[in-house]
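**Q** A structural model of the following input is requested.
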Amino acid sequence: MLKGIKPAFWLANALEACERLAYFGIRAILPLMMVSTTSGGLGLSYTQLGIIYGVWALLQCLIPMVSGGFSESFGYKKTLIVAYVINICGYVMMANILRLSELLALFSDGMMSVPKVNFVLMLISGCTIGVGTAIFKPPVQGTVAKSLNEKNSGFGFGLFYWVVNVGGFLAPLCASALRGSSETPTWHYVFFSAALVTTVNLILTLSFFKEPERSEKEKAKHAKDSMASVFKGTIRTLWNDKPMLCFLLIVSGFWLMFMQLWDLLPNFLNEWVDRRGVGEALLSGAMALDGTSAETLKKAMEPGGMGMDALGWATKFVLKFLEDGALKPEMIINIDSAAIILFVLPLSAIFSRFRMMTSLVLGMVISVVGFVLSGMTMSGGIACLAIFIFAIGEIICSPKFSEYIGMTAPEDKKAIYMGYSNIPFAIGWALGNFLSGPLYQGFSSKEMLAKKFLEEHHGLHHESLQGLDLDGAMARLQDVQGGIDVFQANELLWNAYNPWIVWIILGSIGVASMVGMIVFYFKSGMHARDVADAKDAKDAKDEKDAVVSEPEASNTEEEMEKEASVGEGVEPSDSVEKAASKADLVVEEERELEKTE
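**A** Next up, the predicted model:
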């Protein structure tokens, strides 16, 4: 499998691993940092969060539809360098948003408040990273494709996407350890680290990357085709293929739901789910592994106590992912990547035997169940189970979207059609954030619900609560409710206002997409084709069985002849003709014997 793979393939995998490490690292903690009102947080609303992610998604998903032609004309190496520079600027800007906001608010003479400047700067930096990531993708994927051949392409692309998943798993681990805690947040460490990793990519590219060879035909084609003409041709082809357009729009609804697991669920886990039990279970396992006692842990955590050096290696490692004894939200989300790494190969092998539409619909059903369940509970353990269920559904159905596009595309337009896979992702991801931000703000924001409860049940005026942030509103609620703790206050609000309703709304869009897929399967003629293919396969099998049975019948006749021959004293291996020849030979031998006498 490794034979024939060019060295550029391994460099492309290294570049992809570093890029994913940087990108997924910042994405793991951004939902939390943007709405956090503690030190280092931006204090944005969920509506603002949705707007930022929505615009980011559009840029990151739609630009590759035309930037591929730019890469071919401008050169892969130059394109990668441009992408790195853009991403480094975006990461550094994110790390310094609070400092920049204070300066801009100061120079605006009060015309712009710090929260408004925070929103504008985060939107700009997010879009910057979206553009850089979009430009990075085509040259890396093009390098991988040009480094493989027909014999090793399956293994090569499988390894490439494995690297993506490994990066998606390791990045949140690093980000969670770097971001600190709610008492001592160090969000900026994550962004500076992402910029550093991207700088490593820049150095690797400048030092080792070689431009893939291109034929004169390819050069002439890309010199003639502008990005605008490529984009127009792509859209024109899609518009003329109404069944494909319908399929992409249906799938967009599923992606709308799907992406909120990463963009919104971390905030829900942080506000509503009791993650202490999961954290305690992990910590207990680590202490049992390295022999740390409960007494040692207690003394190490006390101010002026023994310090972290007194703890075992496993205990110190797990503590990096805990916050006030609870597992950090991004680590619960990371169960998805871990499950994919562990189960993608065996599940892919199992479901490769199923019809494409069967796997697609089954995976969508499982994903919807996991998605809705993850937002319907206050239990950390159940949330972990729900995300694992979601991951299983993702493994089953995600590859089938691209498979359908590839199998239904005309032979001379497969590359164009594969580019369409970005369209439903862009529509769903963007619309999902434009919708989910206001939905969460109106139905599930704990700060909003705490203030609402204080108004409705304790007669506090709306104006008197406006200056309170989340921590202030919850402290006031706990106080007026007789000194209850924060978890009791959470349960009070949960039972009063049902904040889980937002996941029912988003999940219903996923269900509608799934139903639409089933209707499309029957209405588009896919079901009729599958039935015809199944009939052809059965007929071919029956014909093959008939051909195999003919020699068996001939063998049966020969065996009957052999049995008859044995009954006449002839060897089993002789036929009737051979037996007659042998009798003639015996008679001839007797005549020769008589002459001799």
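**Q** Helices of the stretch 51-200 of the chain, start to end?
**A** Listed in chain order, the helices of the stretch 51-200 of the chain (DSSP state H, counting those that start in this stretch) span residues 64-74, 76-95, 97-107, 114-146, 153-178, 187-208.
**Q** can you check the stretch 401-550 of the chain too?
**A** Taking DSSP H, counting those that start in this stretch as the criterion, the stretch 401-550 of the chain contains helices spanning 414-419, 422-443, 446-458, 462-465, 470-480, 486-497, 501-523, 526-567.
**Q** Using a markdown table, please lay out these together with distance to L238, mean pLDDT and mean neighbour count.
**A** Bear in mind the C-beta positions are built from the backbone N, C-alpha and C, glycine included. Formatted as a markdown table, the helices of the stretch 401-550 of the chain follow (distance: least, C-beta to C-beta, whole Å; pLDDT from 0 to 100; neighbours: other C-beta atoms under 10 Å):
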| stretch | distance to L238 | mean pLDDT | mean neighbour count |
| --- | --- | --- | --- |
| helix 414-419 | 8 | 64 | 16 |
| helix 422-443 | 8 | 93 | 21 |
| helix 446-458 | 41 | 94 | 19 |
| helix 462-465 | 50 | 85 | 12 |
| helix 470-480 | 45 | 93 | 17 |
| helix 486-497 | 43 | 96 | 16 |
| helix 501-523 | 16 | 93 | 18 |
| helix 526-567 | 18 | 66 | 11 |
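**Q** G510: which of the helices of the stretch 51-200 of the chain is closest?
**A** For the helices of the stretch 51-200 of the chain, proximity to G510 was assessed by C-beta to C-beta; helix 153-178 is nearest, at 21.3 Å.
**Q** follow-up on the earlier one: reformat the helices of the stretch 401-550 of the chain as a markdown table; add distance to L245.
**A** Supplementary listing: the helices of the stretch 401-550 of the chain in a markdown table, determined by distance: least, C-beta to C-beta, whole Å:
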| stretch | distance to L245 |
| --- | --- |
| helix 414-419 | 12 |
| helix 422-443 | 9 |
| helix 446-458 | 39 |
| helix 462-465 | 47 |
| helix 470-480 | 43 |
| helix 486-497 | 40 |
| helix 501-523 | 11 |
| helix 526-567 | 15 |
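**Q** Name the stretch from those that approaches A339 most closely.
**A** So among these, helix 501-523 is nearest, using C-beta to C-beta, at 18.8 Å.
**Q** And the closest one, what does it pack against?
**A** helix 242-258, helix 356-374, helix 422-443 (3 or more C-beta pairs under 8 Å, 6 or more residues apart in numbering; DSSP states H and E).
**Q** Throw the ones you listed into a markdown table and include distance to K298, thanks.
**A** Putting those into a markdown table (distance: least, C-beta to C-beta, whole Å) gives the following:
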| stretch | distance to K298 |
| --- | --- |
| helix 242-258 | 43 |
| helix 356-374 | 33 |
| helix 422-443 | 38 |
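**Q** Give me the neighbour count for T199.
**A** 17 (other C-beta atoms under 10 Å).
**Q** Use 604 as the first number for this chain going forward.
**A** In the new count, where the first residue is 604, that last one comes out as T802.
**Q** That one: what's it in contact with?
**A** T802 makes contacts with 687, 691, as judged by C-beta atoms under 8 Å, 6 or more residues apart in numbering.
**Q** Which pLDDT value goes with it?
**A** Here the pLDDT value assigned to T802 is 97.
**Q** From C692, how far off is it?
**A** Note on T802: its distance to C692, by C-beta to C-beta, to the nearest Å, is 12 Å.
**Q** what residues are up against A780?
**A** With contact set as C-beta under 8 Å, 6+ apart, A780 has these partners: 923-924.
**Q** make it 10 Å
**A** Contacts for A780 (C-beta atoms under 10 Å, 6 or more residues apart in numbering) come out as 792-793, 920, 922-924, 931, 934.
**Q** can you check G770 too?
**A** Taking C-beta under 10 Å, 6+ apart, we find G770 in contact with 619-628, 940.
**Q** Report the secondary structure state of G907.
**A** coil (DSSP: H, G, I helix; E, B strand; the rest coil).
**Q** Can you get me a residue count around it?
**A** G907: 5 surrounding residues under other C-beta under 10 Å.
**Q** By mean pLDDT, flag the weakest helix or strand of this structure.
**A** helix 1179-1199 (a mean of 50; mean pLDDT, DSSP states H and E).
**Q** shouldn't F920 be in contact with T895?
**A** No: here F920 lies out of contact with T895, judged by C-beta atoms under 10 Å, at a distance of 11.3 Å.
**Q** Find residues that contact each of the two.
**A** Common contacts of F920 and T895, defined by C-beta under 10 Å, 6+ apart, comprise 889, 914.
**Q** Between the two, which has more neighbouring residues?
**A** Each of F920 and T895 has its neighbours counted (other C-beta under 10 Å); T895 has more, 20 against 16.
**Q** Tell me which of the contacts of G770 fall in helices.
**A** Within those, membership in helices is found for 619-628, 940, as judged by DSSP state H.
**Q** Most neighbours among those, please name it.
**A** Neighbours here mean other C-beta under 10 Å. Within the ones in helices among the contacts of G770, the largest count is held by A625, at 30 neighbours.
**Q** got the domain boundaries for the protein?
**A** 604-828, 838-878+931-1047+1102-1126, 1049-1053+1062-1094, 1133-1199 (automatic domain parsing).
**Q** Can I get those domains in JSON lines including distance to L885?
**A** Converted to JSON lines, the domains of the chain look like this (distance: least, C-beta to C-beta, whole Å):
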{"stretch": "domain 604-828", "distance to L885": "12"}
{"stretch": "domain 838-878+931-1047+1102-1126", "distance to L885": "9"}
{"stretch": "domain 1049-1053+1062-1094", "distance to L885": "19"}
{"stretch": "domain 1133-1199", "distance to L885": "46"}
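**Q** and those, which one is worst for confidence?
**A** Ranked on mean pLDDT, the bottom entry among those is domain 1133-1199, at a mean of 58.
**Q** how long is stretch 1120-1134 from one end to the other?
**A** 17 Å (C-alpha to C-alpha, to the nearest Å).
**Q** Repeat that for stretch 872-884.
**A** Across its full length, stretch 872-884 reaches 18 Å end to end, with C-alpha to C-alpha as the criterion.
**Q** rewinding a little: closest to I727 out of the helices and strands packed on helix 1104-1126?
**A** Taking C-beta to C-beta, helix 1025-1046 is the member of those nearest to I727, at 16.7 Å.
**Q** Which one, of the domains of the chain, ends up nearest to A913?
**A** So among those, domain 604-828 is nearest, using C-beta to C-beta, at 19.4 Å.
**Q** picking that back up, columns distance to A913 on top of the ones in helices among the contacts of G770, output as TSV?
**A** Supplementary listing: the ones in helices among the contacts of G770 in TSV, determined by distance: C-beta to C-beta, whole Å:
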residue	distance to A913
E619	40
A620	35
C621	35
E622	39
R623	36
L624	31
A625	34
Y626	37
F627	33
G628	30
S940	33
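**Q** Please enumerate the helices of the stretch 854-1003 of the chain.
**A** Using DSSP H, counting those that start in this stretch, the helices found in the stretch 854-1003 of the chain span residues 863-866, 868-875, 879-893, 897-904, 916-922, 932-936, 938-954, 959-977, 983-1011.
**Q** what is the orientation angle of the longest one with helix 756-781?
**A** Inter-element angle recorded for helix 983-1011 and helix 756-781: 150 degrees (by axes from the mean of the first three to the mean of the last three C-alpha atoms, to 10 degrees).
**Q** list the buried ones in helix 983-1011?
**A** Residues of helix 983-1011 classed as buried under the neighbour-count rule (16 or more other C-beta atoms under 10 Å) are 983, 986-1004, 1007-1008.
**Q** and the helices of the stretch 654-803 of the chain as TSV, adding distance to L859?
**A** Conversion of those to TSV gives the following (distance: least, C-beta to C-beta, whole Å):
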stretch	distance to L859
helix 667-677	19
helix 679-698	25
helix 700-710	28
helix 717-749	18
helix 756-781	20
helix 790-811	27
